[in-house]
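Engineer: Sequence and predicted structure are below.
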Amino acid sequence: MEVTVSPLLQRRLTARALNELIEDAPSSVAEMSEEHRVSLTSRFRAVPSSEHRRLDAWMIEQAGRPPGPFAWSPTTARRILGNNALRRMSQPSDNLANAVRDEVADQLLRAVRGYARAGSLGHWLAGVTHPVLGLITAEAVNWATQSLECVEAVVTPWRIASSDAYYDVAGARTTLRGRRDVIVETPRGRVIVRIRAGQPGKCAGPGLRSDLVVETLAHPHGVAPQRYLGLWPDAGLILGVDGTMENVRAGARDFVRAAVAQRRLNLTRAA
Amino acid sequence: MLSAPIPELVTDVLRGDRTRRPRRDDTAAAGLRALLEDHVFSVFGARRTESTVMITSATINAAGRVLELADSPLSRARGILVSIAFRLLVAQVHVADPFMDALNAWRAERPRDELLDALVHLDDDQRARLSADVTSHFATLSRSMGTIPSGWRPRTSQRARQLLGGTAVCLRDVVDLVVGSPHLAVTNVALVDITTSPLGPGAERTMRYHALMQTMRTSVVPLRTSIFSSATGDLWTVDVDQEVLMRAVEDVARVLDRWKSP
């Protein structure tokens, strides 16, 4: 049976288009019941893994290929620092550069007091040289300015997400991560905005759907957001998916496929 | 209008006369994109290209010219080091040794960059010359830039990518410094390119290309586009209007014509 998914929305990244996409977001959204969760769990359990699996939109876009070893760099640190700096600002007119510096200082303080575990951002920041810290600050200011530029003209109340969405699939040694940067609270629900560098690839749609399913699973009542919007400021593009059951199902299926692909890769490597 | 060598600070030139700023133009981008799409179609037609044609400001300037000294790995490395040192300057970081500080920051950003390997193999004389060169460029920059207020929302190395004709052509750009917000009623975004070469005819094309890419990126026409030479301290700046953008489209079209079937 052919599976249909709602079409991918595409607009130029302008304040007007973003506001329209938020205002026109459908009010009826999918809800994931306990039955849905059990079903998803059983599918993941059917794909055994010797180690804990961590799956996210990036892996869906890479057809299940696991990412290379993670290393902190100014580019990988900018999103956390930039978003945290934005959350520090009480109003958009506040000084962004100072907010980033305060955030970096907080991370360093945490490391000095011994609260930063090895491999964490604070731990890494504490070990870098002064000019590298300067470049990290520049990158974080760039990220924060760009994010603010994207959403400051949004009329509906919004806030910077305090963290990404995570869902631990019980008994399947699997954690799903959904990337989110801005949460727009509408009178009928919520619209989630995700900001990414570069330009959207061919698998940007499945990537958004996978973020949508994690956001839905992470909600205490399993309620999907009205819309999941991906912003690519470098390309000046917005892509979006609605919070329909078709999209949620498609996102869940892609995660299971990625787990299967990952297992195959692991088995090939082991052989 | 291009300016002669300017003794004042770059920040003063970017600010300009606040009362003469035009209203924000958020309608031109669609027309420019349509023109480019039409041209891409006239070149490639409906056929699918094997690989995406990449266009950057360097491609625009390289059209029809032979390889120059500025294309050597050492010159490219110098350009990157000055660019990183400039980022530190804008971030108001104390830069004690421009060469070493920029090199450290570069290593942290892209540790596997091939150009970094080339620097490792420099002999002491070459290394000292490069260090002196970067220090001299940085001194010109720090003397001429002035302090950029945080309220201007400065962002450095801002990237832009635009696909045309499906995936036939990709326009890519990196602007060294962008200030201002595209959301105000009057236009107030200014672009600055930093070059380590003296300003020549190619500088105008670079300025226009940045303006075109910024317009397509944000759908809002920027206020002005500038280029600063850290070799000579010269600054050229031009207010962006329809003519500037149309000429930028022609520059891109001229490069694309190289792929036209005979």
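Structural biologist: Yes, it's here. Residues are numbered from 1 along each chain as shown, chains lettered A, B, ... in the order given.
Engineer: Give the buried residues for the helix or strand where A:Val100 lies.
Structural biologist: Secondary structure from DSSP states H and E places A:Val100 in helix A:96-112. Judged by neighbour count using 16 or more other CB atoms under 10 Å in any protein chain shown, the buried positions of helix A:96-112 are A:Leu96, A:Ala97, A:Ala99, A:Val100, A:Arg101, A:Glu103, A:Val104, A:Gln107, A:Arg110, A:Ala111. (Each C-beta comes from the backbone N, C-alpha and C, glycine too.)
Engineer: Contacts only, for the third one.
Structural biologist: In other words, A:Ala99. For A:Ala99, the contact set (CB atoms under 8 Å, 6 or more residues apart in numbering or on different chains) comprises A:Ala85, A:Leu86, A:Arg88, A:Met89, A:Ala144.
Engineer: what separates it from A:Ala105, distance-wise?
Structural biologist: When distance is defined by CB to CB, to the nearest Å, A:Ala99 is 11 Å away from A:Ala105.
Engineer: Could you do A:Met245 as well?
Structural biologist: As judged by CB to CB, A:Met245 and A:Ala105 stand 46 Å apart.
Engineer: What's the local residue count around the closest residue in space to B:Asp26 that isn't next to it in sequence?
Structural biologist: Distances taken as CB to CB, 6 or more residues apart in numbering or on different chains put B:Val220 closest to B:Asp26, at 5.0 Å, once the chain neighbours are dropped. When neighbours are defined as other CB atoms under 10 Å in any protein chain shown, B:Val220 has 23 of them.
Engineer: same deal with B:Ser219?
Structural biologist: B:Ser219, neighbours per other CB under 10 Å, totals 22.
Engineer: My understanding was that it contacts A:Arg12; is that so?
Structural biologist: Yes: look at B:Ser219 against A:Arg12 with CB atoms under 8 Å: they come within range, at 5.6 Å.
Engineer: Find residues that contact each of those two.
Structural biologist: With CB under 8 Å, 6+ apart as the test, B:Ser219 and A:Arg12 both reach A:Gly236, B:Ala29, B:Ala30.
Engineer: out of the residues you listed, which is most surrounded?
Structural biologist: A:Gly236 (24 neighbours).
Engineer: Could you report the distance from it to chain B?
Structural biologist: Separation of A:Gly236 from chain B (CB to the nearest CB, to the nearest Å): 5 Å.
Engineer: Just the terminal-to-terminal distance for stretch A:22-41.
Structural biologist: 32 Å (CA to CA, to the nearest Å).
Engineer: Could you count how many residues lie near the residue in the stretch 51-200 of chain A positioned nearest to chain B?
Structural biologist: Nearest to chain B in the stretch 51-200 of chain A, going by CB to the nearest CB, is A:Gly134, at a distance of 3.2 Å. Using other CB under 10 Å, the number of residues around A:Gly134 comes to 27.
Engineer: how does the chain divide into domains?
Structural biologist: With no chain named, the answer covers chain A. Listed by automatic domain parsing, the domain ranges of chain A are A:9-63+A:155-266, A:74-151.
Engineer: wrong one, chain B
Structural biologist: B:10-65+B:149-257, B:69-145.
Engineer: avg pLDDT for the shortest one?
Structural biologist: In this model, domain B:69-145 has a mean pLDDT of 90.
Engineer: Do that domain and chain A come into contact?
Structural biologist: Yes: contact of domain B:69-145 with chain A (CB under 8 Å from any CB of the partner chain) involves B:84, B:87-88, B:90-95, B:100-102, B:104-105, B:108-109, B:111.
Engineer: What parts of the stretch 151-262 of chain B come near chain A?
Structural biologist: Within the stretch 151-262 of chain B, the positions near chain A by CB under 8 Å from any CB are B:151, B:153-163, B:170, B:181-183, B:216-219.
Engineer: Can you tell me which of those residues are buried?
Structural biologist: Neighbour-count burial (16+ other CB under 10 Å) is assigned, among these, to B:153-163, B:170, B:181-183, B:216-219.
Engineer: how many other residues sit next to A:Glu185?
Structural biologist: 12.
Engineer: Could you verify that it is part of a strand?
Structural biologist: Yes: membership of A:Glu185 in a strand is supported by DSSP: H, G, I helix; E, B strand; the rest coil.
Engineer: Show the contacting residues for it.
Structural biologist: If you count contacts by CB under 8 Å, 6+ apart, then A:Glu185 has A:Thr156, A:Pro157, A:Trp158, A:Arg159 around it.
Engineer: Tell me where the chain has helices.
Structural biologist: Using chain A here. Counting by DSSP state H, chain A has these helices, from start to end: A:15-23, A:34-45, A:57-61, A:74-88, A:96-112, A:121-127, A:130-151, A:204-218, A:245-270.
Engineer: should've been chain B
Structural biologist: Along chain B, counting by DSSP H, helices occupy B:10-15, B:28-44, B:57-62, B:73-90, B:98-109, B:114-120, B:124-145, B:201-218, B:242-256.
Engineer: Pipe the ones you listed into TSV and attach distance to A:Val151 per row.
Structural biologist: Converted to TSV, the helices of chain B look like this (distance: least, CB to CB, whole Å):
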stretch	distance to A:Val151
helix B:10-15	25
helix B:28-44	20
helix B:57-62	29
helix B:73-90	23
helix B:98-109	27
helix B:114-120	36
helix B:124-145	30
helix B:201-218	14
helix B:242-256	27
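Engineer: Tell me which of those helices is the most buried.
Structural biologist: Greatest average neighbour count among the helices of chain B goes to helix B:201-218 (a mean of 24), per mean count of other CB atoms under 10 Å in any protein chain shown.
Engineer: Identify, from the shared contacts of B:Ser219 and A:Arg12, the entry nearest to B:Arg143.
Structural biologist: A:Gly236 (35.2 Å; CB to CB).
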